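Peer 1: with the sequence up front, the predicted model follows.
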Amino acid sequence: MERKEPLVRTLDETVYYGAIATGNSTYNLQGTMADLFSPLVITGKELPNRIVMAPVPSGYANADGFVPDELVAHYKRLAAGGVGLIISEPILIARAADGPAVNHLGLYHDAFIPGLRRLSNSIRPYHGRLLLSLEAPPELDPLSVNPVLVCRQFLFAAWRALAAGADGIMLSSADGGILHQLLSPLTNQRGDQYGLVLSGRIRLALEIIDAIRT
């Protein structure tokens with residue numbers, strides 16, 4: 001009778017079957033796992049390991065967008081626990097029109113820089129790295145949004161992230177944000193250079209990246 005593969009495997013089994021599938025006869029679980037804890041250099045910045053914290057809300061953000069002590073302590077615990085790269089929870093690049101439905105950190109004014117610098121400094125003793133995840137307010141309409149204004153808002157937020165001591169930024173293109181909506185042919189019905197085809201739908205994201213790099 002033909003042997004059926006299990007639906008759920010242990011880590012050891014997963015690595016073993018992967019080694020067999022690729023013809024790797026020198027399978028060694030310990031050697032494979034060592035890679036997780038080895039340093040990694042990204043654009044000149046060294047991560048102490050390859051453990052990454054995803055950009056999920058902590059639950060500590062306030063409605064005013066400022067960084068509370070509880071949130072600093074939360075990120076410090078992550079770094080102390082060995083997370084090599086922390087990607088922050090979403091940080092708004094512009095004030096939400098009616099206030100955010102869910103509390104978010106903010107980076108649309110210089111007043112937010114000291115709190116984020118305090119957060120950044122809290123993880124330095126543990127040699128961790130910090131990326132700030134930048135996101136536009138969720139109520140932006142892809143049909144009526146001004147791409148030039150949004151680009152400038154992302155750019156200014158990126159400058160403030162640098163001033164706050166972050167190692168880099170991440171442009172949030174998920175969860176229904178404006179970049180997500182523009183990328184999707186289901187929500188982007190624009191008839192100009194920011195719609196119609198894939199090159200148009202991705203145009204704003206590329207313009208933001210170019211503006212930040214220059």
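Peer 2: Sure thing, it's come through.
Peer 1: quick one: the lengthiest helix in the chain to chain centroid distance?
Peer 2: Of all segments of type helix in the chain, defined using DSSP state H, the longest is helix 147-163. Centre-to-centre, helix 147-163 and its host chain are 15 Å apart (C-alpha atoms, centre = their mean, to the nearest Å).
Peer 1: which helices and strands does it pack with?
Peer 2: Counting contacts by 3 or more C-beta pairs under 8 Å, 6 or more residues apart in numbering; DSSP states H and E, helix 147-163 packs against helix 113-123, strand 129-135, strand 168-171, helix 203-213. Every residue, glycine included, has its C-beta placed from N, CA and C.
Peer 1: and residue 58, how many neighbours?
Peer 2: 14 (other C-beta atoms under 10 Å).
Peer 1: typo on my end, residue 196
Peer 2: Number of residues near residue 196 (other C-beta under 10 Å) recorded here: 14.
Peer 1: what of residue 54?
Peer 2: Residue 54 has 8 neighbouring residues, counting by other C-beta under 10 Å.
Peer 1: give me phi/psi at it?
Peer 2: Per-residue torsions, residue 54: phi -70, psi 160 (degrees, to the nearest 10).
Peer 1: bridged to the residue lying closest to it once chain neighbours are set aside, which residues?
Peer 2: Counting by C-beta to C-beta, 6 or more residues apart in numbering, residue 54 lies nearest to residue 87, which is 6.2 Å off, once chain neighbours are set aside. Going by DSSP bridges, residue 87 is paired in beta bridges with residue 131.
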